[in-house]
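# Mind looking at a prediction? Sequence and model below.
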2 protein chains.
Amino acid sequence: GKAGGKITPRETDYPQWYQDVIREAELAEPAKVVKGCMVIKPHGYAIWEKLQRDLDGRFKATGHQNAYFPLLVPQSFITKEAEHVEGFSPELAVVTHAGGEKLEEPYIIRPTSETIIGYFFSRWIESYRDLPLLVNQWANVMRWEKRTRMFLRTTEFLWQEGHTAHSTHEEAQAEVMRMLDVYGDFAEQVMAMPVIRGIKTDSERFAGAVQTTCIEAMMQDGKALQAGTSHDLGQNFGKAFNVMFQTEAGGRDYVWQTSWGVSTRLVGGVIMTHADDSGLVLPPRVAPIHVVIVPIYKNDDERAQVLAAAESIRAQLADVDLAPPRSRHRDFVEVVIDDRDLRPGNKFYMWERKGVPVRVELGPKDLAKGQVCVKMRVDTAAGRGKEFIAQNEFVATIKERLDRFQDELLRIARERLQERSRTIDTWDEFLAAFAGEKSTFAWCHWDGTRETEAKIKEQTKVTIRCIPLPGHGPEPEAGRCVFSGNPSARRVLMAKAY
Amino acid sequence: GKAGGKITPRETDYPQWYQDVIREAELAEPAKVVKGCMVIKPHGYAIWEKLQRDLDGRFKATGHQNAYFPLLVPQSFITKEAEHVEGFSPELAVVTHAGGEKLEEPYIIRPTSETIIGYFFSRWIESYRDLPLLVNQWANVMRWEKRTRMFLRTTEFLWQEGHTAHSTHEEAQAEVMRMLDVYGDFAEQVMAMPVIRGIKTDSERFAGAVQTTCIEAMMQDGKALQAGTSHDLGQNFGKAFNVMFQTEAGGRDYVWQTSWGVSTRLVGGVIMTHADDSGLVLPPRVAPIHVVIVPIYKNDDERAQVLAAAESIRAQLADVDLAPPRSRHRDFVEVVIDDRDLRPGNKFYMWERKGVPVRVELGPKDLAKGQVCVKMRVDTAAGRGKEFIAQNEFVATIKERLDRFQDELLRIARERLQERSRTIDTWDEFLAAFAGEKSTFAWCHWDGTRETEAKIKEQTKVTIRCIPLPGHGPEPEAGRCVFSGNPSARRVLMAKAY
Ligand SMILES: [Zn+2]
Ligand SMILES: [Zn+2]
């Protein structure tokens, strides 16, 4: 499990490449002694913290408040909403003993918190004046999955779950779309990961929701990653937990609820959107370290001079705040000076694997010329190959350089999404596009039936990722289902998925 | 459980007062359906977020990195360290079933993570070059306690646990003291809660540690709150989990470990240090809301004018950042304008209960005079009664006002600690000081035996809170044990405790 091994090329074995990148960048490791769990190591957790911090600011800016509800849920709660129990029962972890005694009623470890939060909403909400109620929780949840993959699907994972209650369905629906847009903007602007926004089919809906919306991102192998979901729960949990309120008109009604979440799987999305055969690549807005300075020297004298210059550059960069002006956090440029007793080449190699956006080499010649040798993690319009830049200029333009690099990573990912998305109209073409492990984002006509959806999945492992929202896919147009040939009103997004 | 009830005076019933303050400030409520758990409501959670954010910055500034380890721990792990299993066994929650099947080996929900982290340290550490390893985890933990009290002792609670490994005992000991000092400074400078720093007796030591250091705060009723602990684990867990490393000299040795933690019980500490019979009192550095503006008007015209002026004041205050210059977060002055259709008196009452430091009344007369009417939550040198201040001046001096208020709350708490701490030399005096529910911070001679400690506890419920560190209590001086009359080398701190 230690770093220092090789990274399998993506072409050779994509799943192995993914594991290798995680190991070599020291992001996480499988826990092994705890089934399907992982340990999130410091570099991986620091990425999650950056994602959290930015998202949290967006939730607060849209009027939500954080709260914390119990980890354990009485087992009977999960049975109160019929579809919910059906969806989650096979995946539950159950606490049967505590404090040295067998419990009268077992508890489950929350797989999600609609039920326990529904219960508390019923205690807190009496009248339309208590609405809307807009809360979010940062928490760990547990779903006992059979097949796991680090970050993408683990039995325990970290996430946030927003839960809101409203007095009308319209208001709840607006909340669902508001948070989907928060996720979509975040994915694109912070993770540099373009997404398709859409609606899930009935069979892919969240267990207990009346509608599930989602953002779907294309990974480098053409598979889809469901990166976030925002659910319209209708009055399903309101009825299950008797969350009633007095309406403004004096009547009584059940509240309309929503829930929405993203998880540590986003870290997997960052990896599979940007990393390459040399290891991790991090967009600056999610990078825990922005710049690594590798000192070059032949003797102690040179070492002292070069390190002093490196410290001075670090000090200057450390004052640059990358965060937007009114944000509640500061994002100072993080610089590491790697003065370990190793050959520079080994250091380059290691920091490349960790995805640090900017590498600076600094030797006596550079000092003499007042310059630094800069190399970006990936060649783009934000910098190609080794650039020799005056120290002052490097410091003065670091923010611009990082912003440009961020934009370039998004541009590259957008181009990939566009180039690899296809319109497919025949079943032969479909089978060819999804042969073996292949995947793509296929825009296909679908006859709208569960049966067709199930058969496509059974025969090809391809699922309907979403029915696109206006502006996020082809416009509706009549056609024939790619599988059944029956009439279809619009194309939907089909792909294999993580 | 709804706010809007009365707050029992402290004199009448201190435990009831505590519950009333929590309910009326809407900080939390007992979960009831989940034994011994609570729901942390938005106002309570926002305080915890402020504590977290500041502490997290201090951990990072002292070289620690955050990581995340599994919630579940194989049951066999807990038995590997003899004292650890003895200490924690009675409090464990056990997962016996998952994914629809009975587990071969049950998992426990982490009561603390020394065991599981010890296991991973053994995989990560090979040589002295891997040391020190300095990690911290923000997490939920579970201890099945019989008697619970919101924030102070709940079966599930939120905390941070630092875990470090070192190549020498000296270095580990220095880490223990470094983190105790981080906690002590944080308690005093951020929570305005003075603490005594000391060492636990053997019987109060953490299960598995060779030494436990702690910070102890005096609550308003004279009882002690153990607010944070920092443990020297020696090589106990290193041996239990075979965490060996190659020393610089080429030998092999077990690592020396530390662990340290603070939890959501700190919120209880804030309450019982500062709140009064009118409700919560928040030091500005932990206050989610700093200023509430209550508009005063008699008609729609006045209302529009007053609200416009309030918005203008809010906008000006919102640019004031209370955070220290180089911190990674920003602490903009948070202002609420309470324009609800309620009588001003009701609003005053509500915000007072929520502990908001500054109240501003703003009416047509104030507008005409270009002034605001300011009232601080507690009368101190930072402001007494209603003050009429020019709007410009109020805005220009808000940071100073809040800083002074913070200092005043600390001064008041320090005076209370000093005034109520006593030197007690006779058993009669001791019994009188701790009669019934009474408590105080008693500096007493103790003969150093477990037997005496146990008898004192049995007869009076008083425990030895700590043996003070140099400068945090009376200097060592020979004397006679307050209970046994046997020789004693120094006084220790005795009190009833939460
Ligand atoms: Zn849109
Ligand atoms: Zn000290």
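Great, that's in hand. Ligands and ions are numbered 1, 2, ... in the order given.

# What ranges in chain A fall below the confidence cut-off?
Residues of chain A meeting the criterion pLDDT under 70: A:1.

# Now with 90, please.
A:1-5, A:78-90, A:146, A:324-329 (pLDDT under 90).

# Counting neighbours, show which residues of stretch A:28-40 come out buried.
Residues A:A28, A:E29, A:P30, A:A31, A:V33, A:V34, A:K35, A:G36, A:C37, A:M38, A:V39, A:I40 are the ones in stretch A:28-40 that count as buried (16 or more other Cβ atoms under 10 Å in any protein chain shown). Backbone N, C-alpha and C define where each C-beta goes, glycine included.

# Mind listing the residues bridging to the residue of the stretch 151-300 of chain A found nearest chain B?
Closest residue of the stretch 151-300 of chain A to chain B, Cβ to the nearest Cβ: A:E156 (5.4 Å). Beta-bridge partners for A:E156, by DSSP bridges, are A:M142.

# so it makes contact with B:F69?
No. Shown here, A:E156 and B:F69 do not form a contact pair, counting by Cβ atoms under 8 Å, at 10.0 Å.

# sorry, back to before: show me what contacts the residue of the stretch 151-300 of chain A closest to chain B?
Counting by Cβ atoms under 8 Å, 6 or more residues apart in numbering or on different chains, A:E156 touches A:V34, A:G36, A:C37, A:N140, A:V141, A:M142, B:P70, B:L71, B:L72.

# which residue does the stretch 101-250 of chain A bring closest to chain B?
Closest point on the stretch 101-250 of chain A to chain B, by Cβ to the nearest Cβ, is A:W144, at 3.6 Å.

# which parts of the stretch 151-300 of chain A sit against chain B?
A:T155, A:E156, A:L158 (Cβ under 8 Å from any Cβ of the partner chain).

# Export the residues you listed to CSV and append columns for distance to B:R359.
Shown next, in CSV, are these (distance: Cβ to Cβ, whole Å):
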residue, distance to B:R359
A:T155, 49
A:E156, 44
A:L158, 39
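
# what residues does the stretch 301-450 of chain A put near chain B?
Taking Cβ under 8 Å from any Cβ as the contact definition, the stretch 301-450 of chain A meets chain B at A:S327, A:R328, A:H329, A:R330, A:F332.

# ok, of those, which come out buried?
The neighbour count (16+ other Cβ under 10 Å) marks A:S327, A:R328, A:H329, A:F332 as buried among these.

# residues contacting the third one?
Contacts here follow Cβ under 8 Å, 6+ apart; on that basis A:H329 touches A:R53, A:D54, A:G57, A:A323, B:R328, B:H329, B:R330.

# so can I have JSON lines of the residues you listed showing secondary structure?
Listed next are the contacts of A:H329 as JSON lines, based on DSSP: H, G, I helix; E, B strand; the rest coil:
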{"residue": "A:R53", "secondary structure": "helix"}
{"residue": "A:D54", "secondary structure": "helix"}
{"residue": "A:G57", "secondary structure": "helix"}
{"residue": "A:A323", "secondary structure": "coil"}
{"residue": "B:R328", "secondary structure": "coil"}
{"residue": "B:H329", "secondary structure": "strand"}
{"residue": "B:R330", "secondary structure": "coil"}
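
# what's the nearest residue to A:K375 if we skip its chain neighbours?
A:R359 (4.7 Å; Cβ to Cβ, 6 or more residues apart in numbering or on different chains).

# how many other residues sit next to that neighbour?
20 (other Cβ atoms under 10 Å in any protein chain shown).

# sorry, back to before: check the gap between the nearest residue to the residue of the stretch 101-250 of chain A closest to chain B once chain neighbours are set aside and A:T264 for me.
Spatial nearest neighbour of A:W144, excluding adjacent residues (Cβ to Cβ, 6+ apart): B:G99 at 3.6 Å. Separation of B:G99 from A:T264 (Cβ to Cβ, to the nearest Å): 20 Å.

# So which of those two has more stuff around it?
Per other Cβ under 10 Å, whichever of B:G99 and A:T264 has more neighbours is A:T264, with 25 against 18.

# Thought A:R153 was touching the more buried one, still the case?
No. A:T264 is beyond contact range of A:R153, at 10.3 Å (criterion: Cβ under 8 Å).

# and A:K41, what is it in contact with?
So A:K41 contacts A:E26, A:L27, A:A28, A:E29, B:A67 (Cβ under 8 Å, 6+ apart).

# start to end distance for stretch A:251-261?
With Cα to Cα, to the nearest Å as the measure, stretch A:251-261 spans 32 Å from end to end.

# And stretch A:380-387, by the same measure?
12 Å.

# List of residues touching it?
Contacts for stretch A:380-387 (Cβ under 8 Å, 6+ apart): A:361, A:373-376, A:379, A:401, A:404-405, A:407-409, A:411-412.

# If we use 6 Å, what do you get?
By Cβ atoms under 6 Å, 6 or more residues apart in numbering or on different chains, the residues outside stretch A:380-387 that reach it are A:C373, A:V374, A:K375, A:M376, A:R404, A:F405, A:E408.

# try stretch A:431-445
Under the criterion Cβ under 6 Å, 6+ apart, residues A:218, A:222-223, A:420-424, A:460, A:462, A:474, A:479-482, A:488, A:491, A:494-496 lie in contact with stretch A:431-445.

# From the residues you listed, which land in helices?
A:R420, A:T460 (DSSP state H).

# Pull out the buried members of the contacts of stretch A:431-445.
Burial by neighbour count, judged by 16+ other Cβ under 10 Å, picks out A:218, A:222-223, A:420-421, A:424, A:460, A:462, A:479, A:481-482, A:488, A:491, A:494-496 from the contacts of stretch A:431-445.

# Just flag the most distant two among those residues.
A:K223 and A:G479 (24.6 Å; Cβ to Cβ).

# if we can go back for a sec, neighbour count for the contacts of stretch A:380-387 - can I get that in a markdown table?
A markdown table is the format used below for the contacts of stretch A:380-387 (neighbours: other Cβ atoms under 10 Å in any protein chain shown):
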| residue | neighbour count |
| --- | --- |
| A:C373 | 18 |
| A:V374 | 20 |
| A:K375 | 18 |
| A:M376 | 22 |
| A:R404 | 17 |
| A:F405 | 26 |
| A:E408 | 19 |
